[in-house]
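K.L.:
Generate coordinates for the sequence data below:
(chains A and B)
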Amino acid sequence: MRRTLQPHERVRRRPEFLHAYEHGRKHHARFMTMFACESATPAARLGVSATRKFGPAVVRNKAKRRARELFRHHKPMPGVDLVIIPRRGFDSIPFTDLVTDFLGALRRLRVPLVPGQGATP
RNA sequence: GCAGUCGUCCAGGCGAUCGCUGGCAGAGGGACGUGAGUCCGCUGCUGGAGGAAAGUCCGAACUCCGCAGGGCAGUGCGCCGGGUAACGCCCGGGCGGGGCAACCCGACGGAAAGUGGCACAGAAAAGAUACCGCCCUGAGCGAGGCGUCGGUGGCGCGCAAGCGCCGCCGACGCCGAGUCGAAGGGUAAGGGUGAAAAGGUGCGGUAAGAGCGCACCGCGCGGCCGGCAACGGGCGUGGCAGGCAAAACCCCGCACGGAGCAAGACCAAAUAGGGAGGCGCUCGAGGACGGCCCGUCCGAAGCCUCCGGGUAGGUUGCUCGAGGCCGUCAGCAAUGCCGGUCCCAGAGGAAUGAUCGCCCGUUCGUGGGCCCGCAAGGGCGCGCGGACCGACAGAAUUCGGCUUACCGGAUGGCUGCCGCA
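P.N.:
Model (predicted):
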């Protein structure tokens, strides 16, 4: 399994975000709020929403990068849109803790992973 | 060496693995297309955040809209000269203030145009006034003194009437010291208040005082000299205007059309609506089944084609520029001319990263070592382990500035002090 993350694997339109908020399943984890919503796209997609309230631009960017990194190494099966809203600490805690939090949230939302993905290199 | 001051530069480093994104080249894997080609993916090489990318406070470029000319309002700016595309920026100079100095700071036109303000304190906060004080005049009060008259006591002289001397009491008159003083006047030196009180210091002068007079300083005015100028110097002259605040309104001078890359340009679904043309309204347009014809069914006043506007969306604007670096020359400098050389992010729910290892730095804990000290303790370097520590902070059309944030490091000039030669 390639660990890429290409543009078509991203949620990028505001209506798509709103659709996920409206119709998706929601879970509050320790460091993120996650929405999971079935979609017709041939890939699993990720969207990150870090508002100004979360922090200045440096912090928001870092949170988005970490979220993408999580998704890249642990992709769900196709046909689901994931939206992550980072919470306080998302940008600063150890990455391994973040992985644990992420996988836990996926289990709670019953989002199956693509099998055979190893740990982070 | 220590302390300070002004610049310039840097913004943890190296490696591995996995990614994102721009460009160039290649092979031809996939999709669409008759095709030219377009899109997606692949391989290789290569580029990919800042000094503030920030705040969005000024100035411009660029774009669209507006625009006869003039004025008002509004906003901004405000010592002088220079630089610049421009500026509220920069450089140099002047003036004022701070510092031993290097150097730093200053919205720095006008308060003798008008309106208004100046808390508290203070007599008074602005056409000066006069609380205390000082001085002059001074009604009066008045210790005390003198005189006249009356009363009275004592003593002396005298035979006595009486006279003289000393004293006491009262009335009247005169003189009158004064830390006394009604009232009037002079004064603004001194006191006290305040951020600020009507030039300052000294001498003379005076009843006390005062630019009342004089000298020096300050100020105003007029020549002169230096300077492009701001301004400075000096001479003469006037005894001398009147506080602060213009970041209160205001006055004077100068400048200014508006909106902004979500500007603007191009392409352009679906749906609704507009225009033109064609066909059709039972002699059947069109649709479904079907490779096609026949045929069967549906089917009603619409249907089809084209045109223009235009939303979602896409493309463009979009990065070669008042560009960086090096050098010559001009200039005190800001900067400019010329020559050479380089190409240095272009994303778009928004790339420039994630993880791990080593090193560096910081810091904490701990172990033992050396030095100083009586001791408490301090200093130096070493090992091990940890932090999840590594300043401020993330391009969004592009430049020139300003302002604000910031762990630190490197380097150069200058100043003061100490030491050595």
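
K.L.:
At the geometric centre of chain A, which residue do we find?
P.N.:
Residue closest to the mean C-alpha point of chain A, counted by C-alpha atoms, centre = their mean, is residue A:84 at 4.5 Å.

K.L.:
Quickly list what that residue is bridged to.
P.N.:
residue A:34, residue A:48 (DSSP bridges).

K.L.:
List the residues that contact it.
P.N.:
By C-beta atoms under 8 Å, 6 or more residues apart in numbering, residue A:84 lies in contact with A:32, A:33, A:34, A:35, A:46, A:47, A:48, A:49, A:67, A:70. The way it works is simple: take the backbone N, C-alpha and C, and place the C-beta from them, glycine included.

K.L.:
Residue A:43: how many residues sit nearby?
P.N.:
The local packing of residue A:43 (other C-beta atoms under 10 Å) involves 17 other residues.

K.L.:
Pretty sure it sits against residue A:9.
P.N.:
Yes: the pair formed by residue A:43 and residue A:9 meets the contact definition of C-beta atoms under 8 Å, at 5.1 Å.

K.L.:
If we ignore the residues flanking it in sequence, what's nearest residue A:63?
P.N.:
residue A:86 (4.2 Å; C-beta to C-beta, 6 or more residues apart in numbering).

K.L.:
Helix or strand: which one has residue A:53?
P.N.:
Residue A:53 belongs to no helix or strand when elements are defined using DSSP states H and E.

K.L.:
For the helix ranked longest in chain A, buried residues please.
P.N.:
Longest helix of chain A, by residue count under DSSP state H: helix A:57-73. By 16 or more other C-beta atoms under 10 Å, the buried positions in helix A:57-73 come out as A:60, A:62, A:63, A:64, A:66, A:67, A:68, A:69, A:70, A:71, A:72, A:73.
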